[in-house]
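In: I would like the atomic coordinates for the input below:
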Amino acid sequence: MITRVVLVVEDRRVRQKLRRLLEQPDVLVEAVSKRTGLWEQIAKETADLVVVSEPLMPKPAADTVRLLQGLPDSPAVAVMSARDDAQEQAELLAIGCDAVLYTGLPLGTLRDALHALLEKRRDLMDRTLSTRRAVAEPRLTDFVSSSVAMQRFMSVARRVVRTDTSLLILGETGVGKERLARAIHAESSRSEGPFVAVNCGALPEALLESELFGHEEGAFTGATRSRRGWFELAHGGTIFLDEIGEMPLHLQVKLLRVLQEHEIQRVGSEKAITVNVRVMAATNRDLEDEVQVGAVRRDLFYRLSVVTLTVPPLRERREDIPELVDSYIGYYGVRIGRSVSGIASAALEALSRYAWPGNVRELMNVVERAMLLCDGEEITLRDLPATISGVRRERMLETMLQPDVEARDAVSDEWVERPLAEVRAELLERFERAYLTKLLEATGGRIGETARRAGIQPRSLYDKMKRHGLRKEDFRRRAPEE
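Out: Numbering: from 1, shown residues only. Take a look at the predicted model:
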């Protein structure tokens, strides 16, 4: 993480001397020297350490120290004094200053004292990060699997752990892309550094740039103080950019610069800040198609995809479902204080037949719900959602779609017990999935052609495919030979 130091020193020579002593690749030094509105300006700064000349401190000094320590990042405070006065030093330390330094000290002594302050601050930041990481940080060993598809995937994932190259993680919604990224980070050489996760699709375009790269005071309306962005906060660690396909093109240019030059510029600043960050990106879209339509820069795609991992969807590794269910029963037993002995074979069979468009995230939610509803010692079929426990409806829908079958003959007795709107919505969803499946088979998974035939936009088609758990790669393999 980059450490930011603010110098509040009036004497230009002392200020320059301190800057030379403090500047390091991961230390950013800012100087504040004007008297007019001085403390108003300081209150807008982002700082880990404030070095202030004693004459510039308003009296009483204790109030000034409290003001500085009350800034958003709770910085350490060092006071520079032109007098080597032991009593003054004791009084300043007693009111909360972290250090009192005499400007007449030899350069080596002054440098050592300042660097000791920086190390103390870094240790505090590291302890804070370690406390956050202690909350169930995932590991690659957590990804236990009996399926061939997942074992092959994990074999590749383990080989990229110790590298420092950028990583692109592909996969449908809910397969665990962020969890995988966290696990890779936790076992990498950057594990002691921060892991910062950013959802590029969750923020407005105007806000995303400021959040990623930071901003200076006055950079835009509402920027009342300078602020570090996520790239600075991730210095020495990993940044995970989820939904990378949602990033606007002009921000893709700035991201490309980070990957090539390891530099960022805050919004409203011309100063380059060096950052040491490993970039991992993820998406549930086909980035090659996004490149073709101009939504993603080709040079950025090549930079991000040095190593690409595609997480298999749950429907392609159904043999893992029993083990996953056991794991989630144990996890939620502790979390919600509800213990069950296991799951009935009929319920487990229903889970194994289900298509899982929401993948492992959906499975986790289903297990949690079942444990809350369960009134016996094990999860049974009635504890599962109707869409899962009534998988036989898939066969009913297939029957209804046959042209020589009367619709009334295919209607289940169970359906007449439910509201019409609910049954209609369910049937429309299932029909839409069946329709898109047939169409994708006919087009060999070509998105543009499928969207044209369906009369919808490619983006809309992607959304529908994601909702139904459909991947174009599956249909390319099934495409009829020409």
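In: isn't Ser471 right next to Pro313, touching?
Out: Rather than Ser, residue 471 is Arg. Yes. Taking Cβ atoms under 8 Å as the definition, Arg471 is a contact partner of Pro313 at 7.3 Å. (Glycine included, C-beta is placed from N, CA and C.)
In: now do the shared contacts for these two.
Out: Jointly contacting Arg471 and Pro313 under the rule Cβ atoms under 8 Å, 6 or more residues apart in numbering are Glu172.
In: what's the helix or strand for Met80?
Out: For Met80, the host element (DSSP states H and E) is strand 76-81.
In: check Leu461 too.
Out: Counting by DSSP H and E, Leu461 is found in helix 458-468.
In: by contact count, what packs against the helix or strand just after that helix?
Out: Using DSSP H and E, the helix or strand that follows helix 458-468 in sequence is helix 472-478. Contact here means 3 or more Cβ pairs under 8 Å, 6 or more residues apart in numbering; DSSP states H and E; on that basis helix 472-478 packs against helix 420-443.
In: re the thing from before, partner strands of the strand holding Met80, parallel or antiparallel?
Out: Within its sheet, strand 76-81 is paired with strand 49-53 (parallel), strand 99-102 (parallel), according to DSSP bridges.
In: now that strand - C-alpha only, PDB.
Out: Written as PDB, here are the backbone C-alpha positions of strand 76-81 (Å, rounded to 0.1, in the frame of the first residue of the first chain):
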ATOM      1  CA  ALA A  76       0.300   9.600  12.800                       C
ATOM      2  CA  VAL A  77       1.600  13.100  13.900                       C
ATOM      3  CA  ALA A  78       5.200  14.200  14.000                       C
ATOM      4  CA  VAL A  79       6.100  17.700  15.200                       C
ATOM      5  CA  MET A  80       9.200  19.500  14.000                       C
ATOM      6  CA  SER A  81      10.700  21.900  16.500                       C
END
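In: the stretch 201-350 of the chain: strands as residue ranges?
Out: Along the stretch 201-350 of the chain, the stretches classed as strands by DSSP state E, counting those that start in this stretch are 238-242, 263-265, 272-274, 278-283, 307-310, 342-343.
In: in JSON lines, list these along with mean neighbour count.
Out: Output for the strands of the stretch 201-350 of the chain, formatted as JSON lines (neighbours: other Cβ atoms under 10 Å):
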{"stretch": "strand 238-242", "mean neighbour count": "24"}
{"stretch": "strand 263-265", "mean neighbour count": "19"}
{"stretch": "strand 272-274", "mean neighbour count": "15"}
{"stretch": "strand 278-283", "mean neighbour count": "25"}
{"stretch": "strand 307-310", "mean neighbour count": "17"}
{"stretch": "strand 342-343", "mean neighbour count": "20"}
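In: nearest to Thr221, of those strands?
Out: Taking Cβ to Cβ, strand 263-265 is the member of the strands of the stretch 201-350 of the chain nearest to Thr221, at 19.7 Å.
In: what are the pairing partners of the closest one, and which direction each?
Out: Going by DSSP bridges, the partners of strand 263-265 are strand 272-274 (antiparallel).
In: state the distance from Gln69 to Ile456.
Out: 57 Å (Cβ to Cβ, to the nearest Å).
In: between the two, who's got more neighbours?
Out: The residue with more neighbours, out of Gln69 and Ile456, is Gln69; 16 against 13, by other Cβ atoms under 10 Å.
In: please tell me I have it right and the more buried one contacts Gly96.
Out: Yes. Here Gln69 reaches Gly96: they are 6.4 Å apart, a contact under Cβ under 8 Å.
In: got any residues that touch both of the two?
Out: What both Gln69 and Gly96 touch, as defined by Cβ under 8 Å, 6+ apart, is the set Val77.
In: on that earlier part again, downstream neighbour of the strand holding Met80 in the secondary structure list?
Out: helix 86-94.
In: name the residues that touch that next one?
Out: The contact list for helix 86-94, computed with Cβ under 8 Å, 6+ apart, reads 54, 61, 65, 79, 81, 99-100.
In: next, the angle strand 76-81 makes with that helix.
Out: Orientation check (axes from the mean of the first three to the mean of the last three Cα atoms, to 10 degrees): helix 86-94 against strand 76-81 gives 160 degrees.
In: quick check: mean pLDDT of helix 86-94?
Out: Regarding helix 86-94, the rounded mean pLDDT is 78.
In: next, the buried residues of that helix.
Out: 88-89, 92 (16 or more other Cβ atoms under 10 Å).
In: quick one: contacts for Thr308?
Out: Contact analysis of Thr308 by Cβ under 8 Å, 6+ apart lists 167-170.
In: again, 6 Å this time
Out: Shown in contact with Thr308 (Cβ atoms under 6 Å, 6 or more residues apart in numbering): Leu168.
In: do the same with Thr274
Out: 262-263.
In: domain parsing for the chain?
Out: Following automatic domain parsing, one finds the domains of the chain at 3-133, 140-312, 313-391, 394-482.
In: report the distance from the third one to the chain centre.
Out: Taking Cα atoms, centre = their mean, to the nearest Å, the mean C-alpha location of domain 313-391 is offset from the chain mean by 26 Å.
In: distance of the residue most central in space within the chain relative to His185?
Out: When Cα atoms, centre = their mean is applied to the chain, the residue found nearest the centroid is Ala197 (2.2 Å). Separation of Ala197 from His185 (Cβ to Cβ): 10 Å.
In: what's the answer for Gly193, then?
Out: According to Cβ to Cβ, Gly193 and His185 sit 8 Å apart.
In: where is pLDDT lowest across the contacts of helix 86-94?
Out: Ala61 (76).
In: where does pLDDT dip in the stretch 201-350 of the chain?
Out: Along the stretch 201-350 of the chain, the model assigns pLDDT under 70 to residues 222.
In: of Arg471 and Pro313, who's got more company?
Out: Pro313 (23 against 20).
In: just checking, the more buried one touches Thr173?
Out: No. Here Pro313 does not reach Thr173: they are 9.6 Å apart, not a contact under Cβ atoms under 6 Å.
In: which residues are in contact with stretch 447-454?
Out: Identification of contacts with stretch 447-454 by Cβ under 6 Å, 6+ apart yields 289, 439-440, 443, 458, 461.
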